[in-house]
Structure formats: C-alpha cells, structure tokens
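Undergrad: no sequence for this one, just the structure:
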C-alpha cells in the first residue's frame, strides 16, 4: 500500500480522560488495511472473530454477541429500543449521568420509567435492588456497571437475581469496564450488556459491542411490537450478521478491522493479566494521588480500575488544572459534571493507556499542575 | 508513529459494486493519525472543515450541515425521526429499495405513509409529483435522488416546488450521488438531504453527512414532540457540534479524519472536474458495455454516473458472472435484488474508483466473465 502523506496532521495527545483512551499502534495499522465489501466473506470472517473475542471480554457464552455500527450511545439505544416496549415498566438504578441517559432513552420509547436514586458515586446494595424490583415488578431493569460520570462500579449479581425472580430482563451498561475489569455477564446473570470500543479495549470510538442472553433472545423473537428504530433493530441485524447475510446496512469495515486487532491484543495479553495490569496501575495511581493529598470520591471497594475520580482539592479549580495539564504536557483529563461539576477530576487509566509509565507521567504532571 | 505490523491482513479487492468504493491512499493514511478527544478543539476544527467541504458537495449554503455517527442508513433514520412526526402524513416516491426503506422507517415513526409507485429503474415527472402532492397534502415528502438499487437519478426540483407549494418539507436521499454528480440541494430546493461516505466520496463507510435548510431548521426548533431516537436527535447534536460543545456522544474521530481527507481531495480536484471525470468514465463504460452486447436498464437521460445497471444478458446467470469476476480478478460487483433480482448487474464507477484504467479493467474482466 502507498504511503502517500495525508493533508491532515493531528496533534499527539496523552488521552487520560474518561475515553477515548490511547490507541495501540497495531490498531492504527489495522485501520489502514484495505477495505472489503460489507457482504465479503472476509468481512464476515473478521466479524466472527470479533464475536468470539468479545465473548471472552464480556464473560459470556452467548451465541448472540455482535457489534452495532455506532458509538457506545448507539449500543445503549439498541438495548433500549429492542428490549423496552412502549407502555412497559422499566426500573432504572440512578446514580450517575448514564442512568439519566437510559431514563431519557426509555422515556422516548414511551416506557413507564421508575427510578431508584442514589448520590453520584455511590452504588446499590443487593437488598435495595431486591426491594425496588419486588415493589415495582417491572418488565426490565437497567443499571450501569461502570459509571463513567462517577468512577463507581455497580455489581450486577444482586440486581440480576432480583430481576429474574420477578420475571424482568436485565440491561447493563459496561462501556467503561469491558476489557479492563471483570464484566461477568454470565456469572452475574445479565441479559443484555452493551459497551463501546474507545475505553478499556484501546480502540478508537465508532462501534458498540452488545451481547444478549438466550432468555432475552427468546423474548425478542416473541416481541409483538416493532422497535421504533430500523437502524438498531437487532432482528434485522441478526439476519445480516448470521448465516443469511441479508443486506441491512454497510458496516463500517475499517472500524471492524480496528476492533478485531484491539481484541486480538487483549487475547494475546490474556484477560487475567490485563485485569491485573489495570488493577495494579489503578492502585499505584490512587496511592500517588494520596501522596499528593488528593482524596478519592468513591469508596475503595466500589472503585473502577479504569477511571479514577479524585476530588478537586480545596482551593483549586478543575478547569485550571486541566488547562495546565494540556498546555504543559498535552495531557487530556476531564472534570466532573452534573452534581459533581467542579468537585472531581476524571482520570482514565485504561486500555493501552494503563501502564506504570503513564501513572508516573500523570502523577508528575498533576503535582506540577496542582502546585 | 510506530509502524508495528498488525495481525489483521486484509485481501485487496477491486471494489466496483454499489459501495463501498475504493479508498484513496491518503484517506487510509488519515485514519492512522493519532486520535484526539471528542471535546478537543482540534476535533471541532476538523469538524468545521468537514462542514464547509460538505456544503460544496451538497451544493448548499446551509448553516446546518453535519455528520451523523453511523452509516448512510443512520442518515436516513436521522432525517425520518427528526422531520416526520407520529401521526403526520408523508408522501414517498417509491421506485426502488431505498424508498421502501424510507417507508419502513416512517412507518416505525407511526407516520401516515402514502406511496406513489413506479417500476424500479424509472423516475417521476414533475407533473406526477405535483399531482401526487396536491392530492395528498402531506407534511413531508421523501424521495431518492440516486437510487442504488436501480441506477436511476431522480431530479428533485419538480418535487420540491410542488412540496413547498403545499407546505411540505422535502427529504432527499443522495447517498450514491454526493461527490460524484450534482446534488444541487439549494438549486433544487431540498430541505433535508443525507448521504454516506463510502460511495462517490471515496471514504470508508461509517459516517452519514446531512444538511438541513433554514426552513426545516425552523420547523425542527418549533417541533413539539420529542424524536424517538436520542442518538440521532439533531437538536442535541447541534448543541454538541455548535458553539456550546455540550457532550452528546463520543464521535468516531478516526472516521472524521478519513472524511476530512476525502473531502480535501474532492476540493483539490475541483467539483466540476470531479463531476466531469465521473460522467466521462460512466459514458466510456456504458459504450464498452454496449460493445459487449449489454443493454442498460435505465433510460440514458436518467442514469447515474456513479452506478451502472446493465441487464444480465439472455442465457447468463448473474451469480456466475460475479463469481468469475471475484475469482479471476478480485473484482466485486453486485447483482440486482427485489424486482431486479437476477435481471441486472450493479457496477460502480465512483469516487477514487472512477478512472479510465478501471473502466478498461472492468470491461476486460466482464468480457471474459461473460464468455
């Protein structure tokens, strides 16, 4: 392939925000591979490899795992439009921005939405989940495993047990956990889980992995109403990606190449080693933050390994810190928003970006930016 | 940047189907540029450049031109969910597969859909458009300028005049014309036009350009109901891409880089020169097809320059021809479907793929495959 230079010259940033995260050089190379058609056998082969590798990361043996041709938010909308029917009741565990977005999407599907609220950064106990679901008897429940707006990890097992005891499907957002920490779809009993590519998988944004349990697939096959979205209709997408290969849309092939390469890198590293890397770099970073005098917003037992949310120290202004990091080090991190606006920083240690070297760089830069 | 080899090795195909089309080497290079964050000023600068360059291709001075983070089908769904309200009446000019898809999407929005049918490959006269719209008095009309399933070009001026005379918004699909032949959004009076990147723009699939007239934007701002889709909600997308830069989703940055580069190549070539190139290569190809004894399905005055639909000759089987082209030349073309299944071939001469060299290659390969 020609190496003809392009006119676009992008600056190099250290992406330590809540995503997109740094991309592995091999993933960039994969995107430069020549595209094939969306009905080419090679494309379907790549897609099958992706499905198998995603199952590893999701922790599932589901047959129905696929990739939506949109970003993580399209994954969320896919879960909602396919599994939440107009007029049906859905219980949402609301402790951050992405549960608010789930609420908004479910409302647009004309569902009856009931929310259990907690302050941003806290998570729900099994007893709270059981009580909520037993009281409301919904058709579906939805929660966020890895809340990107707060840095909190919500275990799913208790929610899923309660939901199944009352005949509800369980939808889980794992955008910021997939590939960086255990997602445990099967062990937790999750029916529908969706994610993005630009967090702990170390791939550019553009695709949304989703997996669906046999129970949820049965439910979908028996669904009488047609989802409001054609683009995100999983039954049509199944006909395209499965054996019939019936044309639906023109899949974004270069992004599939990128995801296939990112997942191959996950497999080469090994999932357990990858999780251990994320955990140890997260812990080293938190220890370093403590030595800088910063306190974490989330309790130790509920922290994500992928995204850290130290509180903005007394007397500092988050925007100033971020400006200094960008100006001095080309480092991108993010601030809080909603109830956490001005109160926390959101700093990613995920995917290709989770390394001892980056932890040191981040701590050095933060020390200088906080001074 | 490192040149670390990736494990994925894609085969080289000559993409002469109805899209995706061949990608310019500079566009591949652009996709390898380092990503930045979705709120990075550099990203918004790239986005602004894309908007300006797209306006050139659309033939519009609309302020509201943007890119949807999905494929061309997501562009269609964006037009439908934002501009066709539940319960409202929409007139669809139905002469191919993509008007059927428009029908399906509008039906899912619970609109009242009325269709004017013509055989696949024919187009509508101004008088037919006027009569249809005057009789039905719809809130919106939708048609396909460049019908990828048939190879026919539907002029829009007559439809738009009739629609505006009766107070209807005009939605146009220009997926297979944008960048290869005149789209003329402003000259024809189109309110909403959407496209894809993988046809005459010579970019991989993954994004959907869309443009909206001031009239349609006013309508949208006054719309009382909320669109069923959050992901494709143009009012939210405006807040993200325009000055507020309010977070919506994580834009697929590498695809934006690719599109920016593809559009820069369009600008360097010049739009008129690019159109002339498409026209002359199309004409040379059609002349060559005639010398092989193949007849075109679409009347000369209604043919796309980007996509050619010769009839499958008596005694030949389209699938066999396609197999021989792939096996002997790594050439991908497509067959017909729906009412044209087995009756036509669909052969693209578009974007980077529209060249005298490719026309010769195609004719040589077809001659051998038909023998």
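TA: On my side now, so go ahead. None of the values given here were measured: they were computed from a predicted structure.
Undergrad: secondary structure element for the residue nearest the centre of chain A?
TA: Closest to where the C-alpha atoms of chain A average out (CA atoms, centre = their mean) is residue A:175, at 0.5 Å. Secondary structure assignment for residue A:175, by DSSP states H and E: no helix or strand.
Undergrad: Count the residues that sit near the residue in the stretch 251-371 of chain A that chain B sits nearest to.
TA: Per CB to the nearest CB, residue A:252 is where the stretch 251-371 of chain A lies closest to chain B, at 3.3 Å. The way it works is simple: take the backbone N, C-alpha and C, and place the C-beta from them, glycine included. Per other CB atoms under 10 Å in any protein chain shown, the neighbour tally for residue A:252 reads 30.
Undergrad: Neighbours of the closest residue to it other than its chain neighbours, how many?
TA: Distance criterion CB to CB, 6 or more residues apart in numbering or on different chains; nearest residue to residue A:252, sequence neighbours excluded, is residue B:206 at 3.3 Å. Using other CB under 10 Å, residue B:206 has 33 neighbouring residues.
Undergrad: Check what contacts stretch A:101-117 and list those residues.
TA: A:73, A:76-77, A:80-81, A:84-95, A:99, A:124, A:128, A:132, A:136, A:138, A:142, A:144, A:171, A:173, A:228, B:226-230 (CB atoms under 8 Å, 6 or more residues apart in numbering or on different chains).
Undergrad: ok, back up a step: isn't the residue of the stretch 251-371 of chain A closest to chain B right next to residue B:197, touching?
TA: No - assessed by CB atoms under 8 Å, residue A:252 is found out of contact with residue B:197, at 9.0 Å.
Undergrad: who touches both of those two?
TA: Common neighbours of residue A:252 and residue B:197 (CB under 8 Å, 6+ apart) are B:204, B:205, B:206, B:255.
Undergrad: For these, which single residue is the most surrounded?
TA: Neighbour max across the shared contacts of residue A:252 and residue B:197 (other CB under 10 Å) = residue B:206, 33 neighbours.
Undergrad: Quick check, pLDDT for that residue.
TA: Per-residue confidence at residue B:206 stands at 98 (pLDDT).
Undergrad: Okay, helices next: where are they in chain A?
TA: Secondary structure of chain A (DSSP state H): helices at A:25-31, A:41-58, A:72-83, A:97-108, A:126-136, A:157-165, A:185-188, A:214-222, A:234-241, A:253-269, A:271-291, A:318-329, A:356-370.
Undergrad: residues in contact with residue A:352?
TA: So residue A:352 contacts A:21, A:22, A:23, A:24, A:202 (CB under 8 Å, 6+ apart).
Undergrad: Apart from its chain neighbours, what residue comes closest to it?
TA: Nearest one to residue A:352, counting by CB to CB, 6+ apart, is residue A:202 at 3.9 Å.
Undergrad: Quick check, that neighbour in contact with residue A:265.
TA: Yes - with contact defined as CB under 8 Å, residue A:202 counts as touching residue A:265 (7.0 Å).
Undergrad: what's near enough to touch residue A:269?
TA: residue A:277.
Undergrad: per-residue pLDDT, it?
TA: 98.
Undergrad: distance of it from residue A:353?
TA: Noted for residue A:269: a distance of 14 Å to residue A:353, by CB to CB, to the nearest Å.
Undergrad: try residue A:235
TA: 37 Å.
Undergrad: What parts of the stretch 101-250 of chain A come near chain B?
TA: By CB under 8 Å from any CB of the partner chain, the part of the stretch 101-250 of chain A that sits against chain B consists of A:101, A:104-105, A:108-109, A:196, A:198, A:204-206, A:226-231, A:247-250.
Undergrad: Identify those among the residues you listed that sit within strands.
TA: Of those, none are assigned to strands by DSSP state E.
Undergrad: Only whichever of the residues you listed are buried, select them in ChimeraX.
TA: Burial among these is assessed by 16 or more other CB atoms under 10 Å in any protein chain shown; the matching ChimeraX selection reads:
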select /A:101,104,105,108,109,196,198,204,205,206,227,228,229,230,231,248,249,250
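Undergrad: Which pLDDT value goes with the nearest residue to residue A:77 once chain neighbours are set aside?
TA: The shortest distance from residue A:77 to any non-neighbouring residue, by CB to CB, 6+ apart, is to residue B:231 (4.6 Å). Residue B:231 carries a pLDDT value of 98.
Undergrad: Which single residue of the stretch 101-250 of chain A ends up nearest chain B?
TA: Closest approach of the stretch 101-250 of chain A to chain B (CB to the nearest CB) occurs at residue A:206, with a separation of 3.3 Å.
Undergrad: can I assume that residue is in contact with residue A:73?
TA: No - the criterion here is CB under 8 Å, and residue A:206 misses it with residue A:73 at 11.6 Å.
Undergrad: Next, give me the two most distant ones among the shared contacts of residue A:252 and residue B:197.
TA: B:205 and B:255 (8.8 Å; CB to CB).
Undergrad: what sits in contact with each of these two?
TA: A:252, B:197.
Undergrad: before we move on, the earlier item: need the overlap of contacts for residue A:202 and residue A:265.
TA: A:24, A:27.
Undergrad: contacting residues for residue A:306?
TA: A:146, A:176-177, A:180-181, A:199-200, A:278, A:282, A:348-351, A:354.
Undergrad: again, only this time at 10 Å
TA: A:18-19, A:21, A:146, A:148, A:151, A:153, A:175-181, A:199-200, A:278-279, A:281-282, A:348-351, A:353-354 (CB atoms under 10 Å, 6 or more residues apart in numbering or on different chains).
Undergrad: Check the gap between residue A:89 and chain B for me.
TA: Distance, residue A:89 to chain B, by CB to the nearest CB, to the nearest Å: 18 Å.
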